[in-house]
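structure for this input, please:
(one chain, ligands or ions: 2)
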Amino acid sequence: MISEKAPAKINLTLDVLQKRPDGFHEVEMIMTTVDLADRIWLKPLDRGITIRSSERFVPNDKRNLAWQAADILRKKFDIRSGVEITLDKNIPVAAGLAGGSSDAAATLRGLNRMWNLGLSLDELAVLGASIGSDIPFCVYGGTALASGRGEQIQHLSVPPNCWVVLAKPPISVSTADIYGGLDIQSIEHPDTAGMMEALASADYENMCKKVGNALEPVTMRLHPQVSVLKEQMLKFGADTVLMSGSGPTVFGLVEHESQVARIYNGLKGFCPEVYAVRMMGERINLA
Ligand SMILES: C[C@@](CO)(OP(=O)(O)O)[C@H](O)COP(=O)(O)OP(=O)(O)OC[C@H]1O[C@@H](n2ccc(N)nc2=O)[C@H](O)[C@@H]1O
Ligand SMILES: Nc1ncnc2c1ncn2[C@@H]1O[C@H](COP(=O)(O)OP(=O)(O)O)[C@@H](O)[C@H]1O
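Ligands and ions are numbered 1, 2, ... in the order given. Below is the predicted model of the structure:
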């Protein structure tokens, strides 16, 4: 049996440049992995792909992104045997934290080992891109600038050490609806280059100043709870607060562990899913 860790990501920046003819949006996003992770287990089967999950809201058929990752490898390399994929879910589902994408990326890395395919992370990322825009980043983890529709990856410096408090309000957000609700002309563009400089110089204060997400106003318009949560987190002492991805999860950054409890305890009262984790930011190696 093979096991792989599948970490969540947060978006330190998310800019949308334009809508493309294929319906996707051209983006520039700085993403980094945090220490909140699913774990996937791969067990050889004689044939077929089966999914077991600890989380009942996750589909256990071909709609599961991990299923699609296994399917693409089986077809491409003419693999006759099968696999049972067990997902220990810790990352909240449909949260803007790329849980499903990270499960798929971990499945690609794990099956590469189990089926002795000898593929590089770059090759796995290309295969992952055909399933979802966030999967290439999740294949490498770490910290990166993602461009194109999210699949073009440029690796960046590890962010300065800090704590991340994540709070997911109990609402569902469709990524497609949030992109669809954007008015491209009125976007307030985050300072992507400024964030890259802050990371390169490991400048925590500047990193906090440069966070920004073009999708945040769209999700907040549809779900005012997200802006309430953001205000609360700032009130409880976060140095900066931003929505991750298309939401609805909001994250707050603090430099010192001593600042975490006030935010965590303050939010726990009215938001059911709150997590205090470390920024990881380091790339995943092929085992
Ligand atoms: C917003 C982001 C930010 O990291 O993440 P999440 O909020 O999902 O975590 C990503 O851009 C989401 O990536 P992912 O969830 O992989 O999206 P996909 O499955 O490829 O696409 C789902 C739908 O989102 C829209 N989409 C996605 C990516 C993109 N660059 N432009 C788009 O317009 C399209 O309508 C697409 O049909
Ligand atoms: N392995 C998986 N884990 C979670 N959700 C999955 C998975 N595979 C497919 N999905 C579907 O993908 C959707 C988005 O899930 P997720 O990746 O958790 O969120 P996001 O794209 O917001 O980061 C969910 O609604 C879920 O039905």
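
how about the residues of the stretch 151-287 of the chain by ligand 1?
Within the stretch 151-287 of the chain, the positions lying close to ligand 1 (Cβ under 6 Å from any ligand atom) are Thr175, Ala176, Tyr179, Gly245, Ser246. To be clear about C-beta, it is placed using only N, CA and C from the backbone, and glycine gets the same treatment.

rerun that using 8 Å as the cut-off
Listed as neighbours of ligand 1 in the stretch 151-287 of the chain under the rule Cβ under 8 Å from any ligand atom: Val173, Thr175, Ala176, Ile178, Tyr179, Gly180, Leu215, Ser244, Gly245, Ser246, Gly247.

now the third one: phi and psi?
When you say that, I think you mean Ala176. Main-chain dihedrals, Ala176, degrees, to the nearest 10: phi -60, psi -40.

got it, and Tyr140?
Torsion angles, degrees, to the nearest 10, at Tyr140: phi -90, psi -30.

roughly how far apart are it and Gly181?
From Tyr140 across to Gly181, the span is 30 Å (Cβ to Cβ, to the nearest Å).

try Ala276
Applying Cβ to Cβ to Ala276 and Gly181 gives a distance of 31 Å.

please apply the same query to Lys43.
41 Å.

what of Ser81?
Taking Cβ to Cβ, one finds Ser81 at 44 Å from Gly181.

neighbour count winner among these two?
Gly181 (15 against 12; other Cβ atoms under 10 Å).

hang on, isn't the more buried one packed against Glu216?
No - applying Cβ atoms under 8 Å as the test, Gly181 and Glu216 come out as separate, 11.7 Å apart.

so what's Leu166 bridging to?
Per DSSP bridges, the residues bridged to Leu166 are Phe251, Tyr275.

give the rounded mean pLDDT of stretch 165-183.
The predicted model assigns stretch 165-183 a mean pLDDT of 96.

which parts of that stretch are buried?
Buried positions in stretch 165-183, judged by neighbour count with 16 or more other Cβ atoms under 10 Å: Val165, Leu166, Ala167, Lys168, Pro169, Val173, Thr175, Ile178, Tyr179, Leu182.

any idea how far the third one lies from Val274?
What it means is Ala167. 5 Å.

what do those two both touch?
Common neighbours of Ala167 and Val274, using Cβ atoms under 8 Å, 6 or more residues apart in numbering, are Leu267.

for Ser53, which non-adjacent residue is spatially closest?
Leu87 (4.3 Å; Cβ to Cβ, 6 or more residues apart in numbering).

averaged over its residues, what pLDDT does stretch 40-53 have?
On average, stretch 40-53 scores 97.

up against ligand 2, what does the stretch 101-250 of the chain have?
In this structure, the stretch 101-250 of the chain approaches ligand 2 at residues Ser101, Ser102, Asp103, Ala104, Gly132, Asp134, Ser172, Val173, Thr175, Gly245, Ser246, Gly247, judged by Cβ under 8 Å from any ligand atom.

out of those residues, which are buried?
Ser101, Ser102, Asp103, Ala104, Gly132, Asp134, Val173, Thr175, Gly245, Ser246, Gly247.

thanks again, I'm all set now.
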